[in-house]
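Trainee: Starting from these lines, generate the structure:
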Amino acid sequence: MEKEEKELQEKILAYRIFESRLNALLRQRDLIVNKIVEINSTLESIDEIEKSDEALFSIGSEAYAKGKITDKEKIIIEIGANIALEKSMKEAKETLEKRREELEKSLAQIEEEATRISSGLESLADEIRELSKKVEHV
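Mentor: Numbers count the residues shown, from 1 in each chain. Predicted coordinates:
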């Protein structure tokens, strides 16, 4: 009886750990999906800049100002560590598309791991139910 109770407690602890890991993965997945959506929106904005002289510029806190584009050949893009470089529109698009591809790969890995953990959770839940029945009957 004590052996089964101890095994039940260990499985419950393992379940909680896996559940916590799954929740962290799902939060990470949401962040990546949001970043991919942002990149897609930026790529669309670059296409619009090539078609028009006017654009909306973010001034923070989800507020925008309308302005004229004075240089449609170059764009400033962050490359990491708060460093920004001036690039051609084509180079900027390539950089953003590369970022999107990297994020999509990360997203696929996260979803794969989340699926594995979910399966493990289902299996553990079954084991916990079985052990609970044994412990209750003793």
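Trainee: Let's test this: name the helix or strand in the chain with the lowest mean pLDDT.
Mentor: Ranked by mean pLDDT, DSSP states H and E, the helix or strand of the chain with the weakest confidence is strand 54-60, at a mean of 85.
Trainee: pull the CA atoms of that one into PDB?
Mentor: As requested, the backbone C-alpha atoms of strand 54-60 are provided in PDB (Å, rounded to 0.1, in the frame of the first residue of the first chain):
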ATOM      1  CA  GLU A  54       2.500  58.000 -47.600                       C
ATOM      2  CA  ALA A  55       2.600  55.600 -44.700                       C
ATOM      3  CA  LEU A  56       1.500  55.400 -41.000                       C
ATOM      4  CA  PHE A  57       4.400  55.600 -38.600                       C
ATOM      5  CA  SER A  58       4.100  54.200 -35.100                       C
ATOM      6  CA  ILE A  59       4.800  56.700 -32.500                       C
ATOM      7  CA  GLY A  60       4.200  54.300 -29.600                       C
END
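Trainee: any low-confidence regions in the protein?
Mentor: 1, 138 (pLDDT under 70).
Trainee: Closest to the centroid, which residue in it?
Mentor: With distances taken as C-alpha atoms, centre = their mean, the chain has Ile32 as the residue nearest its mean C-alpha position (2.3 Å).
Trainee: That one reaches Arg100, doesn't it?
Mentor: No: look at Ile32 against Arg100 with C-beta atoms under 8 Å: they stay out of range, at 10.3 Å. Every residue, glycine included, has its C-beta placed from N, CA and C.
Trainee: picking that back up, and the residue nearest to the centre of the chain, what is it in contact with?
Mentor: Counting by C-beta atoms under 8 Å, 6 or more residues apart in numbering, Ile32 touches Leu103, Ser106, Leu107, Ile110.
Trainee: Just the buried subset of those residues, please.
Mentor: Buried members of the contacts of Ile32, counted by 16 or more other C-beta atoms under 10 Å: Leu103, Leu107, Ile110.
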